[in-house]
Every structure is written in structure tokens, then in C-alpha cells.
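Peer 1: Have a look; sequence and predicted model below, questions after that.
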Amino acid sequence: MKIYGNNKRAIRPPKSYCELLIDALGDFTMRVLMVAAIASIVIEVATAKTDDKRSTAWIEGFAIFVAVIVCTNVAAFNDYSKEKQFRKLNDASDKDKMVTVFRNRDMIRIHEDFVLVGDIVKLVEGMVF
């Protein structure tokens, strides 16, 4: 019997936490907030009239940076946990994808990944491919 290829679907590797964090930082709102934080620090420090004010002028811009870091980490952690749960559910449902095929005049029950060219699949109501 000649095999013509693999029936397994290509599964992309899960994104790491760092990749999800970079994606969250790429959000337009987060970029605007980072630019606002830099602008706030530069303007406040440059326009401070006394040394006392200059030493604390950076705090407002730094607070914006902290807010951006917290928000992006929360978003990345949320996406990471959702992707982990999604993969777990897919793995559980993938084990149940059995089909009945006629191969070499025999009826056998195999996983859908092992269906070959020439197999005759018995279709049953509710099957999903």
C-alpha cells in the first residue's frame, strides 16, 4: 500500500509569554501611552523652574510607564492562560476523533490522522472533519 502523505494538521507552536507581552505592547493605545510618558518626562523636567521641582518632575511620566507595564503584563498573562486552556481542550477532543474505515476488505476503527488514500470512510451523522 502506497502512502501519499501525512494527514496530521500542522499545529503552530504555542506563543511564549514574551511573545504575548510584545504583542500587547504593540497595541496602539499602549504605544500612545508610552509616547505620552516620554513626552511628560521630557516636558516636566525641561520646564521645571527650581531644582526641587526638577527632582520630582519625572514621577508623573514614570507612573504612566508603570501603568503600561502592568496593563501589558495582565493582558499577556490572560492570553497565555487562555491559550493554555484552549490547547488542553483541543488535545482532549483530538483523542476522540475516531473513524470507521474499510481497508483491505476489513472494517477497522482508527484515528482520523491515520486514514490513507483508498480507505473508504463510513460516514456517520454528526461527524466533523
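Peer 2: Happy to help now that I have it. Residues are numbered from 1 along each chain as shown.

Peer 1: okay, CA-based contacts and neighbour counts for the rest of this
Peer 2: Fine.

Peer 1: How about the residue in this protein that sits furthest from its center?
Peer 2: The C-alpha centroid of the chain is most remote from Thr50, which lies 48.2 Å away (Cα atoms, centre = their mean).

Peer 1: And Trp58, how far from Glu44?
Peer 2: Relative to Glu44, Trp58 is positioned 7 Å away (Cα to Cα, to the nearest Å).

Peer 1: after the least confident helix or strand in the chain by mean pLDDT, next one along is what?
Peer 2: Of all helical and strand segments in the chain, the minimum by mean pLDDT, DSSP states H and E falls on helix 51-56, at a mean of 82. Once helix 51-56 ends, the next helix or strand along the chain (criterion: DSSP states H and E) is helix 59-94.

Peer 1: which is the next helix or strand following that following helix?
Peer 2: Counting by DSSP H and E, what follows helix 59-94 is strand 98-103.

Peer 1: same for the least confident helix or strand of the chain, what does it pack against?
Peer 2: helix 28-47 (3 or more Cα pairs under 8 Å, 6 or more residues apart in numbering; DSSP states H and E).

Peer 1: Report the buried residues of the helix it packs on.
Peer 2: Buried residues in helix 28-47, counted by 16 or more other Cα atoms under 10 Å: 30, 33-34, 37-38, 40-41, 44-45.

Peer 1: any idea which of these is closest to Lys88?
Peer 2: Met30 (30.4 Å; Cα to Cα).

Peer 1: if I look at the closest residue to that closest one other than its chain neighbours, how far off is Arg9?
Peer 2: Sequence neighbours aside, Val68 is the residue nearest to Met30 in space, at 6.3 Å (criterion: Cα to Cα, 6 or more residues apart in numbering). Per Cα to Cα, Val68 is found 38 Å from Arg9.
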